[in-house]
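Colleague: Structure, please.
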Amino acid sequence: MPSWFHSDDIILAELRRTGGGPRPALGIPGYDDLSELKRGGQGVVYLATQRSTKRQVAVKVLLEAVSSDAGRRRFEREVDLIASLNHPNIVQIFDSGTTPDGRPYYVMEYIDGAPLDDLIRLSGRLPSEAQPGPDANRERPFAPPRDESFSVPVSVRQPSAMLPVDGALHLYATICDAVHYAHQRGVIHRDLKPSNIRVDRGGAPHVLDFGLAKLTADSSAPGGVGDAGPARSPTGQQAMSITGQFMGSLPWASPEQAEGHVTRLDIRTDIYSLGVILFQLLTGRFPYDVTGPLRLVFDQIVHAIPDRPSKFRRELNDEIDTIVVKCLAKEPDRRYQSAGDLARDVRRFLAGEPIEAKRDSAWYTLRKAATRYKSAARVTAAFLALSILALIISLNYWKEARQQRDAARAAEDMAKAALATAKDEAERASEINKFLTATLVNADPFKTGRTLSVADFLKRASDDAGRRFEKRPRTEAQVRDTLAMSYWSLGMLEDAHREYDRAAAAMEPLRDKDTAEAYHLDGNRALLLSDLGRLDESERLQRALIERSRELFGQDSRENLTMRGNWATTLNSLNRHDEAETTLRGVLEACRRVYGEDDPNVSTYENNLATSLIAQARYDEADALVSDAIRARAASLGPTHPTTLIARGNLAQVRHGQGRLEESERLHREILTDVETALGATHPQMAEAASNFAVLLHEIGKLAEAEQLDRRAIDNYTAAVGPTHPDTLRVRNNLSGVLVSMKRFSEAASVLRDVAQGMEAVYGAEHNSTLRAQSNLALALDEDGQTDEAVRVSERALQTRRRLLGDTDGDTLISINNHGWLLLKTGRKPEALDYWTQAYAGAQRVFADNPATLAVFQNSFGYGLAQVGRFDEGEQQLLAAFASMNAAVGADSPRTLRVAQRLAEMYELWGKPEKAAEYRKLQGAAPETQPSK
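Modeller: Okay, here's the model as predicted:
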């Protein structure tokens with residue numbers, strides 16, 4: 001399920017839109033307390049109190065600027081049209097008249113709620129990969145740690161919260177009902193868009209603003225006149241009835257509107273606009289690009305093939321895609337022919353029935369009938385399918401009539417039970433949707449009297465859920481799952497964990513009856529524990545869930561394979577790479593055997609197995625797997641699909657690890673361009689691509705460009721998820737390493753203090769991300785001349801790592817190596833050598849397959865030997881480190897040049913200036929120290 005809750009600024013800006021404004025100098029007899037609500041190109045809408053009834057109403061007054069005869073006729077026609085429509089989901093008119101200054105107005109019911117576009121805007125854009133949960137394979141792009149201290153952890157994309165799919169579809173079907181009612185009475189809206197639909201406190205939508213509406217030729221509605229000439233739409237855009245001119249609001253316009261073919265506009269024009277709205281409601285974005293020059297936008301509407309919603313939200317399936325694509329057909333004859341047909345197909349989907357848009361084969365209908373009650377137990381569904389099939393066969397084989405009659409009766413009984421389950425789930429989805437919508441509306445600062453932060457908003461929703469659903473534990477658990485996802489998307493991980501604990505408590509009395517639902521909640525909680533750094537807890541829970549999924553769904557079920565894949569990801573985080581690799585190979589084999597080589601999850605498991613091999617520096621094996629994943633995804637989804645781009649990013653990392661740096665740089669540049677073209681410059685995956693590329697640029701010494709990309713990624717992440725989100729903090733950590741390399745030590749230290757505090761607030765004091773930031777802070781403080789404080793910070797982080805991870809963990813070894821350099825700066829040479837001896841011995845075991853990383857430890861060890869006068873031994877180690885680094889990353893790499901610097905210093909200390917000059921010439925102006933990633 002970005003999210004309703006991207007940032008305080010976004011949500012507060014949207015909530016304020018539902019509040020009042022300054023009072024106008026306007027008086028309308030019979031109405032008091034007028035305050036402006038909305039101003040458009042045609043009129044102004046005021047909130048007022050009707051004196052006779054004391055109820056709040058909305059008053060729309062024609063603007064003076066458009067109060068020409070044509071403008072008045074259009075305004076009066078709008079009054080007549082709305083007055084002719086009596087439907088609970090279309091705004092009602094109570095009164096009309098003329099203001100004292102001669103402008104027409106009408107009075108309509110005030111919908112106390114929020115515009116639909118508020119909900120869409122707060123949903124934002126979805127992440128492009130699978131969301132955490134036991135139903136989604138958790139695929140992560142790999143960003144390998146560097147070898148001296150500024151480590152880049154595997155990039156974790158957090159989930160985001162949106163309106164639940166079922167709830168959004170129930171809301172949408174009601175909107176279609178209202179539009180269909182208007183169509184039946186000869187009224188075509190022609191300006192349907194989210195801002196013209198308002199959702200009340202009970203979660204019910206209301207269609208309004210018929211300023212551009214048109215009567216069909218056979219309409220008998222009052223005031224049956226045609227277009228009244230040029231006028232401006234409520235959005236301020238010129239709307240004309242002359243052929244060749246545009247009428248409507250461009251992003252939601254149909255192709256025939258965009259081409260100005262007014263004579264071709266009919267009810268199917270509104271169907272197209274409804275299709276755009278549905279796409280936005282499900283994904284938070286438009287089906288094609290509607291930004292840029294007007295000519296280009298018009299061309300996109302007329303010619304661009306719309307994206308499928310499932311491209312941006314993995315839980316959406318082919319049937320949803322089919323409904324949306326049918327609405328968005330460029331030719332009106334290929335769309336739904338009425339809003340009623342559209343609403344019926346949406347409700348068929350919600351009930352698990354075959355949709356009309358898919359009535360292509362009898363086998364499809366049979367398959368849907370057999371699986372329509374997808375939430376019932378699998379054994380029930382399977383038996384129901386067999387029963388229905390038996391019933392069909394009985395029509396042809398009369399000799400088996402008795403057996404088939406019994407089977408039909410059994411099927412009917414099971415169908416009734418399954419239907420009751422489906423209805424219960426639909427009611428719960430609707431109830432949850434109404435609850436979330438009402439909570440958003442009730443957070444209006446003009447109603448509460450104070451400004452609410454996002455944290456306040458979520459806490460209020462959590463408190464309300466406990467009261468409202470106290471006697472409906474399953475509904476409470478689902479609400480808390482949604483709230484947990486929202487907290488998770490903001491990086492508020494402890495708050496998310498609290499919601500999962502409350503969800504588990506709500507479900508506890510029902511666990512024997514709702515084992516599948518409890519399993520899914522536990523699966524989400526296990527992934528959250530992993531992100532919290534509580535890896536041992538997460539691993540234990542996932543191991544137990546593997547057994548539960550085997551009992552519930554079967555050994556080779558998708559649920560079991562997914563849980564085993566998630567467990568392997570956690571094992572990798574625990575540095576249990578052998579177990580992770582064995583598990584992923586088993587999952588990949590089972591997926592191929594049971595579901596076929598072409599199953600989309602095959603490429604996911606290939607990619608995840610590759611990340612495990614990358615972590616072990618087995619780049620050639622990873623190369624083959626990633627390349628297979630790219631080929632499969634490019635063939636089925638295209639080369640710029642988000643999941644294809646992730647696999648391509650991992651290939652760039654493989655080339656990096658192989659030392660093929662020029663090729664890695666080329667791949668990163670291509671990915672950056674393709675991500676921006678396919679997903680947009682502000683998409684979270686753009687931030688991820690930029691930050692991963694910056695890691696390589698840092699290593700090859702292109703520091704200015706690395707800084708630029710890191711800052712771009714930080715801006716994107718900050719806008720999407722806030723400044724304290726783990727992704728934002730991770731890239732700020734990377735940026736500090738670039739700043740150190742640029743000798744901007746004070747600036748780097750300042751950034752790292754914030755990062756270390758932020759990581760501790762999110763993860764706790766003992767999480768590896770917190771410890772990594774503290775280690776990096778120590779190095780920056782040292783470079784900034786604050787060596788004593790640097791030693792204290794480094795010592796604390798190192799002791800914690802040793803206690804939690806042991807002396808042979810890779811991160812611990814990096815901390816030991818870095819701490820040795822700090823000790824050397826304080827004159828404690830023998831102690832420094834002791835640390836480097838231990839670090840190099842451990843690195844020979846842990847990093848045996850990664851020569852560049854191993855060379856870093858060997859460089860420190862050799863330099864330490866030279867510092868205590870053991871020059872012959874030191875020379876041997878430093879020359880070997882120089883040769884290894886040169887072979888791994890090239891002679892011009894900053895890492896190779898830093899080893900050359902240590903050789904020059906050793907020869908100077910040894911009294912061999914000619915040798916020192918030889919290496920000084922090579923190393924040039926390489927920085928004295930550089931923490932690594």
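
Colleague: Which residues in stretch 820-830 does the neighbour count mark as buried?
Modeller: Within stretch 820-830, the residues scored as buried using 16 or more other C-beta atoms under 10 Å are 820-825, 829. The C-beta positions use only the backbone N, C-alpha and C, and glycine is treated the same way.

Colleague: ditto for stretch 104-119
Modeller: Neighbour-count burial for stretch 104-119, counted by 16+ other C-beta under 10 Å, picks out 104-111, 113-119.

Colleague: wait, what's in contact with the nearest residue to residue 75 once chain neighbours are set aside?
Modeller: Distances taken as C-beta to C-beta, 6 or more residues apart in numbering put residue 62 closest to residue 75, at 4.8 Å, once the chain neighbours are dropped. Counting by C-beta atoms under 8 Å, 6 or more residues apart in numbering, residue 62 touches 42-43, 71-72, 75, 103-105.

Colleague: I'd like to know how far residue 62 sits from residue 45.
Modeller: 11 Å (C-beta to C-beta, to the nearest Å).

Colleague: Strands of the protein, start to end?
Modeller: For the chain, applying DSSP state E gives strands covering 31-39, 43-50, 56-62, 93-98, 104-109, 113-115, 187-188, 197-200, 205-207, 214-215, 231-232, 238-239.

Colleague: For residue 897, which of these is the nearest?
Modeller: Closest approach to residue 897 among these is made by strand 113-115 (58.8 Å; C-beta to C-beta).

Colleague: Please report how far the spatially closest residue to residue 729 that is not a sequence neighbour lies from residue 767.
Modeller: Ranked by C-beta to C-beta, 6+ apart and with sequence neighbours excluded, the top spatial neighbour of residue 729 is residue 758, at 4.7 Å. For residue 758, the distance to residue 767 equals 12 Å [C-beta to C-beta].

Colleague: just residue 801 next, same as before
Modeller: 11 Å.

Colleague: what do you get for residue 799?
Modeller: Looking at residue 799 against residue 767, where the rule is C-beta to C-beta, the gap reads 15 Å.

Colleague: More neighbours: the two, which one.
Modeller: Between residue 799 and residue 767, counted using other C-beta atoms under 10 Å, residue 767 has the larger neighbour count: 22 against 11.

Colleague: for the more buried one, what are its contacts?
Modeller: 532-533, 759-760.

Colleague: re the thing from before, let me have the strands of the chain in TSV, extended by mean pLDDT and distance to residue 172.
Modeller: Rendered in TSV, the data for those read as follows (pLDDT from 0 to 100; distance: least, C-beta to C-beta, whole Å):
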stretch	mean pLDDT	distance to residue 172
strand 31-39	84	23
strand 43-50	88	24
strand 56-62	90	24
strand 93-98	87	25
strand 104-109	90	22
strand 113-115	82	15
strand 187-188	86	19
strand 197-200	88	10
strand 205-207	92	8
strand 214-215	62	23
strand 231-232	28	29
strand 238-239	27	26
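
Colleague: Reformat these as CSV; add distance to residue 814.
Modeller: As requested, the strands of the chain are exported to CSV (distance: least, C-beta to C-beta, whole Å):
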stretch, distance to residue 814
strand 31-39, 58
strand 43-50, 62
strand 56-62, 64
strand 93-98, 71
strand 104-109, 66
strand 113-115, 50
strand 187-188, 67
strand 197-200, 53
strand 205-207, 56
strand 214-215, 70
strand 231-232, 64
strand 238-239, 63
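
Colleague: how about those strands, which one is nearest residue 670?
Modeller: Of the strands of the chain, nearest to residue 670 by C-beta to C-beta is strand 113-115, at 40.4 Å.

Colleague: just checking, what packs against the closest one?
Modeller: Helices and strands touching strand 113-115, by 3 or more C-beta pairs under 8 Å, 6 or more residues apart in numbering; DSSP states H and E, are strand 197-200, helix 401-442.

Colleague: follow-up on the earlier one: residues in contact with the residue nearest to residue 729?
Modeller: By C-beta under 8 Å, 6+ apart, the contact list for residue 758 reads 723-724, 729.

Colleague: Compare those and tell me which has the most neighbours.
Modeller: Going by other C-beta under 10 Å, residue 729 tops the contacts of residue 758 with 26 neighbours.

Colleague: Does it touch residue 757 like I think?
Modeller: No: counting by C-beta atoms under 8 Å, residue 729 sits too far from residue 757 to count as a contact (9.5 Å).

Colleague: if I look at the nearest residue to residue 473 once chain neighbours are set aside, how far off is residue 608?
Modeller: Nearest non-adjacent residue to residue 473, counting by C-beta to C-beta, 6+ apart: residue 506, 4.2 Å away. Counting by C-beta to C-beta, the separation of residue 506 from residue 608 is 33 Å.

Colleague: Of those two, which one has the most company?
Modeller: Shown here are residue 506 and residue 608; by other C-beta under 10 Å, residue 608 has more neighbours (26 against 23).

Colleague: can you tell me how far the more buried one sits from residue 561?
Modeller: Between residue 608 and residue 561 the computed distance is 11 Å (C-beta to C-beta).

Colleague: quick check, nearest of the contacts of residue 758 to residue 710?
Modeller: Among those, residue 729 lies closest to residue 710 (C-beta to C-beta), at 12.3 Å.

Colleague: residues in contact with that closest one?
Modeller: Contacts of residue 729 (C-beta under 8 Å, 6+ apart): 755, 758-759, 762, 769, 773.

Colleague: 6 Å instead, please
Modeller: The contact partners of residue 729, by C-beta atoms under 6 Å, 6 or more residues apart in numbering, come to 755, 758-759.

Colleague: got those residues as CSV, with pLDDT and distance to residue 498 columns?
Modeller: CSV is the format used below for the contacts of residue 729 (pLDDT from 0 to 100; distance: C-beta to C-beta, whole Å):
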residue, pLDDT, distance to residue 498
755, 94, 25
758, 90, 20
759, 88, 20
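
Colleague: and which of these is nearest residue 909?
Modeller: Nearest to residue 909, judged by C-beta to C-beta, of the contacts of residue 729 is residue 755 at 35.9 Å.

Colleague: quick one: that closest one from residue 726, how far?
Modeller: Applying C-beta to C-beta, the value for residue 755 to residue 726 is 10 Å.

Colleague: out of those two, which sits in the busier spot?
Modeller: Using other C-beta under 10 Å as the criterion, residue 755 and residue 726 rank with residue 755 on top: 26 against 22.

Colleague: Just list the residues touching that one, thanks.
Modeller: Contacts of residue 755 (C-beta under 6 Å, 6+ apart): 729, 732-733, 773.

Colleague: Need the max-distance pair from those.
Modeller: Comparing every pair within the contacts of residue 755 by C-beta to C-beta identifies 732 and 773 as the most remote, at 9.1 Å.

Colleague: Having no further points to raise, I will conclude here.
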